[in-house]
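output the structure for:
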Amino acid sequence: MARAKKTEDRNLTKDERELVDQSRAPALCKLEGPELVGLARRLRERRDRVKTLSRSRARDAKSGAKEAGADTGAKEKKAALATAVKRVNKEIERRRGVKRAELAGAAQKNLRAALRRRQDAHPWRGPEDKTSDAGMIDLPNRKIAPSGALHAEGMRAAISRSTGDR
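Residues are numbered from 1 along each chain as shown. This is a model prediction of the structure:
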């Protein structure tokens, strides 16, 4: 354990080391809600920055660029930051779980009250003969052309527009 801690400390900057130390058990329990969310955000930003940097270094090394630097502990740094992010997220979810249980009880109470109101509500008392559908229209549609005429007329107009009379 001590060896892993020394390796982790060697790969992290001073600021990152402080953030990771804040994500451990004794310090993590002392943080309030907004501070905890802020810690998670800062850890994620650092982790994403290291991830982007290591990806760009790998891409440069793969393309054969001369300025591609060696991966100097970036994977270990990313792993340390990722585990810190997981610890903080777990604590946030644990704290939210308590609040969610309280909210779930209140939500169930509200739903039951709404169901009672719905069941006590009176059914529709409007006129039964008023509907939005008047049914089929009995009159024939006089706007359409007689059978066959539409095809012939349509073809003549189409031919005259495209190439002229034939």
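
report pLDDT for Ala4.
At Ala4, the model reports a pLDDT of 58.

er, Ala70 actually
At Ala70, pLDDT is 61.

go on, the one 10 residues further on?
Looking at Ala80, its pLDDT stands at 90.

before we move on, what about the one 3 residues further on?
For Thr83, the pLDDT comes out at 91.

for the one 4 residues further on, same thing?
Each residue has a pLDDT score; the one for Arg87 is 91.

and it, how many residues sit next to it?
By other CB atoms under 10 Å, 19 other residues sit near Arg87. No exception for glycine: its C-beta is placed from N, CA and C like everyone else's.

swap in Ala74?
For Ala74, the count of nearby residues is 18 (other CB under 10 Å).

so where does the nearest residue in space to it that is not next to it in sequence fall, helix or strand?
Of all residues not flanking Ala74 in the chain, Ser54 sits nearest, at 4.0 Å (CB to CB, 6 or more residues apart in numbering). According to DSSP states H and E, Ser54 maps onto helix 33-63.

off-centre distance for that helix?
Between the centre of helix 33-63 and the centre of its chain there are 20 Å (CA atoms, centre = their mean, to the nearest Å).

what packs against it?
helix 14-22, helix 74-120 (3 or more CB pairs under 8 Å, 6 or more residues apart in numbering; DSSP states H and E).

next, the buried residues of that helix.
Of all the residues in helix 33-63, those buried under the rule 16 or more other CB atoms under 10 Å are Leu36, Leu39, Ala40, Arg42, Leu43, Arg44, Arg46, Arg47, Val50, Lys51, Ser54, Arg57.

give me the mean pLDDT for that helix.
On average, helix 33-63 scores 88.

any idea of the angle that helix forms with helix 74-120?
130 degrees (axes from the mean of the first three to the mean of the last three CA atoms, to 10 degrees).

out of the helices and strands packed on helix 33-63, which one sits most buried?
helix 14-22 (a mean of 16; mean count of other CB atoms under 10 Å).

can you dump the C-alpha atoms of that helix in CSV for me?
Taking Å, rounded to 0.1, in the frame of the first residue of the first chain, the C-alpha atoms of helix 14-22 are listed here in CSV:
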residue,chain,number,x,y,z
LYS,A,14,0.9,19.2,-5.7
ASP,A,15,-2.6,20.5,-6.6
GLU,A,16,-3.7,17.1,-7.9
ARG,A,17,-2.3,15.4,-4.8
GLU,A,18,-4.4,17.7,-2.6
LEU,A,19,-7.5,16.9,-4.6
VAL,A,20,-6.9,13.2,-4.3
ASP,A,21,-6.2,13.5,-0.6
GLN,A,22,-9.6,15.3,-0.2
